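Novice: I need the structure of the sequence given here:
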Amino acid sequence: MHLFELFIGWRYLKAKKSQGFISFNTFLSIFIVSIGVFVLIVVMSVMTGFQSQIRDKILDVDAHITISRYYADTDSEGIDNYRELSDKIKNVKQIKTIMPFVQGQGLVRVKSYIFPVAIRGYGNPGEVPKDITKFITAGEREFKSTTSIAIGEEMAFNYNLRLGDYIEIIVPKGRLTAREGITPGIGRYRIAAFFKTGYYEFDTKLIIMTIPQTQRLFGIGNIVSGLAIKLFDVYDMDRIASKLQDIIGYDFQVITAEQQNQNLFYALRLEKLIMTIILFLVIISASFTIMGTLVMVVMEKRKAIGILKTMGAQPYSIMIIFILEGFFIGLIGAIIGVITGLATAINLEAIIHWVESVINSIMSWIYITFDLGVFYPVTLVPKNVYYIDSLPTQIQPEFVMLVAILAIFIATVAAILPSWHASRLHPVESIRYE
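Specialist: Here you go, the predicted model:
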């Protein structure tokens, strides 16, 4: 490639003086490429942030690894030798904490309301693990009373519950029999604390109490549902889980947090993949615009191509000139898209809050002016849909680089056909009618 090919390729990006700095078709091609890159970076940063934050919330509240009994075993519905089992695995490296727990499902009755909840028991009165008490935002942390429980802030808000209020919890109790079925267990408990995990599913449906309370409520005796294990390195879950399975044998099942929530994580990964494919189609659509733009440039530059060939320019040089024009369109579009995409992704939450405030201000003024009633503020990211209370973004430098390179590559490939056509123009025919 010679310097004159580079110079002419760059020169052909510009329009004639009468048309301004850049032709409309070239501007449109650059704009579509930049929009494709911009949208890909912003959307993928948000989706990666969502996936990462949901995963972090689950791993912060839930166990990294859970050991439980296979419930197909009809002789036992839990682990009775959990202390012995804990001692057996406590010396495994990477294990941070081991917490026995009891869990089950139930119904809560508050005044005229009845709603389903998940119930979990951790620790003993006055000895609830710090991994649990760290989420408590108000009230007691010791759980010293036999009736003390903690509920999520969102649950308290939804059902107008306050510290000190009493609720009734109804659970299935005892074994299933053909004559009586399962008898219900009923307990009356005082709300001693509120907690907030940041994970909406837990904050609206989970009730936390001590292990003895849960055992009495479900009538299961001195057994637990399983052992909740936290690791120092969450990325080592699979290896540690395999190691624990070898140590304790196959009377128990060892499940990682990702396996327990595999449907959620699979849905997130699938959604991310589909969005990536759809948004890449925006960049591919830009290639057709680039192709059409260069066909028009070739038609416009027929005389110039004829003169260049008459002066000795080889067909491959003409081809390189127009391929370079496609490359420059892709390069400029990618640079603009990356800069604007990164700037938006970094400041997205502030932008969303600003948009919300503008919409709410306008709608509030309209409601007041025309006396339309009570206006409820608009929330663009509702917590009850997306599980989390903020808009996270996580930029992956390698993905940004990949998007930029592919955008430039697609734009360059789109220029090959018009460039080949330009290289085949006969110089005499090109300038005969000019």
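Novice: quick one: I119 and T210 touch, right?
Specialist: No. I119 lies out of contact with T210 (C-beta atoms under 8 Å); the separation is 11.4 Å. (Glycine included, C-beta is placed from N, CA and C.)
Novice: what's in contact with stretch 329-336?
Specialist: Residues from elsewhere that reach stretch 329-336 (C-beta atoms under 8 Å, 6 or more residues apart in numbering): 13, 26, 29-34, 36-38, 286, 290, 293, 403-404, 407-412, 415.
Novice: How about stretch 247-265?
Specialist: By C-beta under 8 Å, 6+ apart, the list of residues contacting stretch 247-265 reads 51, 54-55, 58-59, 62-70, 79, 85, 88-89, 92, 237-238, 241-242, 244-245.
Novice: Among the residues you listed, name the ones in strands.
Specialist: Counting by DSSP state E, the contacts of stretch 247-265 place I65, T66, I67, S68, R69 in strands.
Novice: From what I see, the third one and I229 are in contact.
Specialist: Spelled out, that is I67. Yes. With contact defined as C-beta under 8 Å, I67 reaches I229; the gap is 6.9 Å.
Novice: and for these two, which residues touch both?
Specialist: By C-beta under 8 Å, 6+ apart, the residues touching both I67 and I229 are I89, L244.
Novice: show me what contacts the closest residue to G139 other than its chain neighbours?
Specialist: Closest residue to G139 apart from its sequence neighbours, by C-beta to C-beta, 6 or more residues apart in numbering: A193 at 3.4 Å. The contact partners of A193, by C-beta under 8 Å, 6+ apart, come to I136, A138, G139, E140, R141, F143, S148, I149, A150, I151, L163.
Novice: In three-state terms, label A193 for me.
Specialist: strand (DSSP: H, G, I helix; E, B strand; the rest coil).
Novice: and it, what pLDDT?
Specialist: A193 is assigned a predicted lDDT (pLDDT) of 93.
Novice: on that earlier part again, and the two most separated of the ones in strands among the contacts of stretch 247-265?
Specialist: I65 and R69 (15.0 Å; C-beta to C-beta).
Novice: quick one: which of those two has more around it?
Specialist: Per other C-beta atoms under 10 Å, whichever of I65 and R69 has more neighbours is I65, with 28 against 19.
Novice: beta partners for that one?
Specialist: Assessed by DSSP bridges, I65 has beta-bridge partners I229, T256.
Novice: Among the contacts of A193, name the buried ones.
Specialist: Taking 16 or more other C-beta atoms under 10 Å as the criterion, what is buried in the contacts of A193 is I136, E140, F143, S148, I149, A150, I151.
Novice: Let me know the distance separating the first one from D80.
Specialist: Translated: I136. With distances taken as C-beta to C-beta, to the nearest Å, I136 is found 30 Å from D80.
Novice: same deal with the second one?
Specialist: To D80, E140 is 30 Å away according to C-beta to C-beta.
Novice: how much space between the residue nearest to G139 and R120?
Specialist: 14 Å.
Novice: and what of G49?
Specialist: Distance from G49 to R120, by C-beta to C-beta: 28 Å.
Novice: same deal with V39?
Specialist: Distance, V39 to R120, using C-beta to C-beta: 41 Å.
Novice: Repeat that for Q105.
Specialist: Taking C-beta to C-beta, one finds Q105 at 11 Å from R120.
Novice: Neighbour count for the two, which is higher?
Specialist: R120 (20 against 11).
Novice: residue contacts, that one?
Specialist: The neighbours of R120, taking C-beta under 8 Å, 6+ apart as the test, are F101, V102, Q103, L206, I207, I208, M209, T214.
Novice: where does the residue lying closest to P377 once chain neighbours are set aside land on pLDDT?
Specialist: In space, and not counting its chain neighbours, P377 is closest to N360: 4.8 Å by C-beta to C-beta, 6+ apart. On pLDDT, N360 comes in at 88.
Novice: Which of the residues in the helix or strand hosting N360 are classified as buried?
Specialist: If you go by DSSP states H and E, N360 is part of helix 348-369. Residues of helix 348-369 classed as buried by neighbour count (16+ other C-beta under 10 Å): L348.
Novice: Could the C-alpha coordinates of it be exported in PDB?
Specialist: C-alpha atoms of helix 348-369 as PDB (Å, rounded to 0.1, in the frame of the first residue of the first chain):
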ATOM      1  CA  LEU A 348     -25.900   5.400  33.300                       C
ATOM      2  CA  GLU A 349     -27.400   5.500  36.800                       C
ATOM      3  CA  ALA A 350     -27.100   9.300  37.000                       C
ATOM      4  CA  ILE A 351     -28.600   9.600  33.500                       C
ATOM      5  CA  ILE A 352     -31.500   7.300  34.500                       C
ATOM      6  CA  HIS A 353     -32.100   9.400  37.700                       C
ATOM      7  CA  TRP A 354     -32.100  12.600  35.600                       C
ATOM      8  CA  VAL A 355     -34.500  11.200  33.100                       C
ATOM      9  CA  GLU A 356     -36.800  10.000  35.900                       C
ATOM     10  CA  SER A 357     -36.700  13.500  37.500                       C
ATOM     11  CA  VAL A 358     -37.500  15.200  34.200                       C
ATOM     12  CA  ILE A 359     -40.400  12.800  33.500                       C
ATOM     13  CA  ASN A 360     -41.700  13.100  37.100                       C
ATOM     14  CA  SER A 361     -41.500  16.900  37.000                       C
ATOM     15  CA  ILE A 362     -43.400  17.200  33.700                       C
ATOM     16  CA  MET A 363     -46.000  14.700  34.700                       C
ATOM     17  CA  SER A 364     -46.400  16.200  38.200                       C
ATOM     18  CA  TRP A 365     -47.000  19.700  36.600                       C
ATOM     19  CA  ILE A 366     -49.500  18.200  34.100                       C
ATOM     20  CA  TYR A 367     -51.400  16.400  37.000                       C
ATOM     21  CA  ILE A 368     -51.500  19.600  39.100                       C
ATOM     22  CA  THR A 369     -52.400  21.900  36.200                       C
END
